[in-house]
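Got a predicted structure plus its sequence, pasted below:
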Amino acid sequence: MKPLLLVSDSISASSGLARITRDLAIRIHEHLGDVYRLGTAGYGGTGSRRFPWPDYRLNIVDNWLLPELPQIAADFSGDEELTIMFIWDLSRLGWFADPRQCPNAHIRQWLETTKLRKWVYHALDAEGPFGKLSTRLAEIYKGFNRVLDYSDFSCCITGNTEHLPHGIDTSVFKPQDRKESKHKFCELGFHELKDNDFLVGIVATNQARKDWALGIQACRILLERGLDVKVWCHTDTLERFWSLPNLIADYRLQGRVVITTAHFTDEQMAQFYSACDVTLGIGLGEGFGYPIFESLACGTPCVHGAYGGAEKHLPPSMKVFPLRSTSGVTAFRYEGLYCCKRPVYDAEEWAERAIECSKVYARPIRPALPLGLDWNNLWPRWEAWLRKDSPKTITLDTVRELNYDHHRRMTIDHEKGGQAAAVQIKSKDDDSYRALLSNVPHGGKILELGSAWGGQWNALREWSDDLTGIDLYEPAVTKSRAEGKNIYLGFVEKIPFPDESFDLVCSRHVMEHVSDIQIALTEIKRVLKPGGIVAAVTPHRFPDYEPAHIQQLRIDEWVKEYGKSGFEIVSFDIREYECVEAHVIARKPG
């Protein structure tokens, strides 16, 4: 087992970074004990003995330097090579990424002489000039062996290809009775709150990019439109970048606002979110935005700006776009040391969205969280990413479990869509196959991967009648064989046929499900005759929230994988049928 030390805010603290680190650590400990020996280190909390792994407390943080880190690393890993994964902003990590920039001689010597692998999981909530990282951040970025971004928004700025959001625990953050939840506010002292009041929640720290003035002004506009508005503000401090008491007075909302700064449990926060008719995500760009998605998980819509890492997870009804001039120029400004691009909004539009959302997501209260942000669905993607650095891959049992669940959900969706929708989808699938194989020679023996019920075999018979298929979903294989189809139970990673058996191996929306791309391609190459063709379609959408899609690669990355396996690339392009697809054709030499 390789030592892996997660460094961030203390997992016993209440910050968002603490929660990310704690959620990941718990799951790594539970599911990846065969790969990693886990430790955590962080500042800002009291520490806790309840975690079943070494948890170190950082007592000193000096301008983001961590003088105690070398001692912690030595205690945790000894002479073994250590992977340190920071879950922090890049702006804090220049000293770690490039030891030459470290002003502390002791830390610098440790960085230069210790076997370290440097990983970072980082948030970007804004672009720099020209839509890229500012120069200072770009230099820090280069100093890590492995980088994982929070979002596709971030990847567009950094040029990285790997991104994963973090999840929400839906066993805690779930809808609760709104009336009962409002009564909990009365127990906090918000005695002015009535059952029929329009309760707006704003959960945000008191910092520059959290536009408290925008949120409070939107609440004032709601009041002027005739709603009996009450406001819950939850923050870390009343006075810092903003004076919240002064804002409330300036917008004449005295007696209508309760401000909380205390630490609440997740269960309490879930109840408070459930009490609200709408929440306002006032960040002028978010890396992720916990309060936004906690609110959605509790069935309460959240209005947020169409900028940053959160907006792609939100439906159009909850998004507000920045102001535009009459000539069509979008309003932005730049702020801070790293020249961060920030949008400018109209509070009137936020108020309008709040009213619309509260109607759409009125009773019965139901979760509005995207399924891909539920930890239950998201974790398999994290596990696959973490195992990529290990010689071990995600197990075939896990692949089977993910895909059985995928089949069940697809079946339910198709039943809901009805026969007409099913016919339309099949027609697009057939067209996709025909486009993929349009330049592939006819005849010979064909192996289809992921055949299931043989739904595309009529299209494939236009190329050859000698068809064979495999699939890991036993109910589909059993039914297909009963219908006389030559379909067998099997994994792409263990194709159950002799070497050089087929002239063509083809698949649609299968290769993204495999546990290890190179193992799968090696098997495909093995069963192909010399000069044989592999032709595959994979989804080309980002972000992709399907848990069974273990491999989420762009088309250029797929091409590299085929090349790495010794295939000669014949063609590749992007097309749109049922969804945007990557089409790749390659040839086995010989």
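Sure, I can see it. Residues are numbered from 1 along each chain as shown.

remind me which residues of the protein are low pLDDT?
362-365, 389-393, 413-423, 541-545, 578 (pLDDT under 70).

And it, what are its domain boundaries?
2-158, 178-373, 396-587 (automatic domain parsing).

Which parts of the stretch 1-150 of the chain are strands?
Applying DSSP state E, counting those that start in this stretch to the stretch 1-150 of the chain gives strands spanning 2-9, 36-43, 55-57, 82-86, 116-122, 146-149.

for the stretch 151-300 of the chain, that is, sorry about that
198-203, 229-234, 257-260, 278-281.

For the third one, buried residues please.
For strand 257-260, the buried set under the neighbour-count rule, 16 or more other CB atoms under 10 Å, comprises 257-258, 260. Where C-beta positions appear, they are placed from N, C-alpha and C, glycine not excepted.

Please name every helix or strand in contact with it.
Packed against strand 257-260, as judged by 3 or more CB pairs under 8 Å, 6 or more residues apart in numbering; DSSP states H and E, are the following elements: strand 229-234, helix 244-250.

JSON lines please, covering the ones you listed and showing distance to Cys357 and mean neighbour count.
Listed next are those as JSON lines, based on distance: least, CB to CB, whole Å; neighbours: other CB atoms under 10 Å:
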{"stretch": "strand 229-234", "distance to Cys357": "15", "mean neighbour count": "24"}
{"stretch": "helix 244-250", "distance to Cys357": "23", "mean neighbour count": "15"}
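
Of all these, which one comes closest to Pro99?
strand 229-234 (40.0 Å; CB to CB).

before we move on, back to that, can you redo the strands of the stretch 151-300 of the chain as JSON lines with distance to Gln217?
Output for the strands of the stretch 151-300 of the chain, formatted as JSON lines (distance: least, CB to CB, whole Å):
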{"stretch": "strand 198-203", "distance to Gln217": "12"}
{"stretch": "strand 229-234", "distance to Gln217": "12"}
{"stretch": "strand 257-260", "distance to Gln217": "13"}
{"stretch": "strand 278-281", "distance to Gln217": "11"}
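
Near Asp374, how many other residues are there?
Counted with other CB atoms under 10 Å, the neighbours of Asp374 add up to 21.

where does the closest residue to Leu32 other than its chain neighbours land in three-state SS?
Using CB to CB, 6 or more residues apart in numbering and skipping residues adjacent in sequence, the residue nearest Leu32 is Leu386, 5.9 Å away. Classification of Leu386 using DSSP: H, G, I helix; E, B strand; the rest coil returns helix.

Leu386 and Tyr36 touch, don't they?
Yes. With contact defined as CB atoms under 8 Å, Leu386 reaches Tyr36; the gap is 7.5 Å.

Between those two, which contacts overlap?
Common contacts of Leu386 and Tyr36 (CB atoms under 8 Å, 6 or more residues apart in numbering): Ile28.

Phi first, then psi, for the residue nearest to Asp79 when sequence neighbours are not counted.
The shortest distance from Asp79 to any non-neighbouring residue, by CB to CB, 6+ apart, is to Lys115 (7.9 Å). With angles defined as degrees, to the nearest 10, Lys115 sits at phi -70, psi 100.

Count the neighbours of Lys115 for me.
Lys115, neighbours per other CB under 10 Å, totals 10.

what residues are up against it?
Contacts of Lys115 by CB under 8 Å, 6+ apart are 79-82.

which residue packs closest to the residue of the chain positioned farthest from its centre, ignoring adjacent ones?
Distance from the C-alpha centroid of the chain, by CA atoms, centre = their mean, peaks at Gly443 (43.0 Å). Spatial nearest neighbour of Gly443, chain neighbours left out: Ser464 (5.6 Å); criterion: CB to CB, 6+ apart.

Report the separation between the one you found and Glu80.
Distance, Ser464 to Glu80, using CB to CB, to the nearest Å: 54 Å.

still on that earlier bit, isn't the residue farthest from the centre of the chain right up against Glu462?
No. Look at Gly443 against Glu462 with CB under 8 Å: they stay out of range, at 11.2 Å.

For the closest residue in space to Arg225 that isn't next to it in sequence, what are phi and psi?
Leaving aside its chain neighbours, Arg225 sits nearest to Ala351 (6.9 Å; criterion: CB to CB, 6+ apart). Per-residue torsions, Ala351: phi -60, psi -40 (degrees, to the nearest 10).

ok, the residue nearest the centre of the chain - contacts?
Closest to where the C-alpha atoms of the chain average out (CA atoms, centre = their mean) is Pro165, at 2.4 Å. When contacts are counted by CB under 8 Å, 6+ apart, Pro165 touches 150-151, 288, 309, 313, 372-373, 378, 543.

at 6 Å what do you get?
Residues near Pro165 by CB atoms under 6 Å, 6 or more residues apart in numbering: 288, 373.

Quick check: it vs Trp375, distance?
10 Å.

tally of neighbours for Asp149?
With other CB under 10 Å as criterion, Asp149 counts 25.

isn't it right up against Leu164?
No. Using CB atoms under 6 Å, Asp149 is not in contact with Leu164; the gap is 8.0 Å.

State the helix or strand in which Tyr562 lies.
For Tyr562, the element it lies in under DSSP states H and E is helix 555-564.

neighbouring contacts of that helix?
Contacts for helix 555-564 (CB under 6 Å, 6+ apart): 517, 569, 572, 574, 582, 584, 586.

Can you tell me the SS state at the fourth one?
So the one you mean is Ile574. Per three-state DSSP, Ile574 ends up strand.

Run through the bridge partners of it.
Counting by DSSP bridges, Ile574 forms beta bridges with Ala582.

and the top strand by length along the chain, C-alpha only, in PDB?
Secondary structure of the chain per DSSP state E: the longest strand is strand 528-539. Output in PDB follows, covering the C-alpha atoms of strand 528-539 (Å, rounded to 0.1, in the frame of the first residue of the first chain):
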ATOM      1  CA  LEU A 528      -8.500  -9.400 -34.300                       C
ATOM      2  CA  LYS A 529      -6.900 -10.900 -37.400                       C
ATOM      3  CA  PRO A 530      -3.800  -9.100 -38.800                       C
ATOM      4  CA  GLY A 531      -5.100  -6.100 -40.600                       C
ATOM      5  CA  GLY A 532      -8.400  -6.300 -38.700                       C
ATOM      6  CA  ILE A 533     -10.400  -3.200 -37.800                       C
ATOM      7  CA  VAL A 534     -11.600  -1.900 -34.400                       C
ATOM      8  CA  ALA A 535     -14.400   0.700 -34.700                       C
ATOM      9  CA  ALA A 536     -15.900   2.300 -31.600                       C
ATOM     10  CA  VAL A 537     -18.300   5.100 -30.600                       C
ATOM     11  CA  THR A 538     -18.000   6.700 -27.200                       C
ATOM     12  CA  PRO A 539     -19.900   9.700 -25.700                       C
END
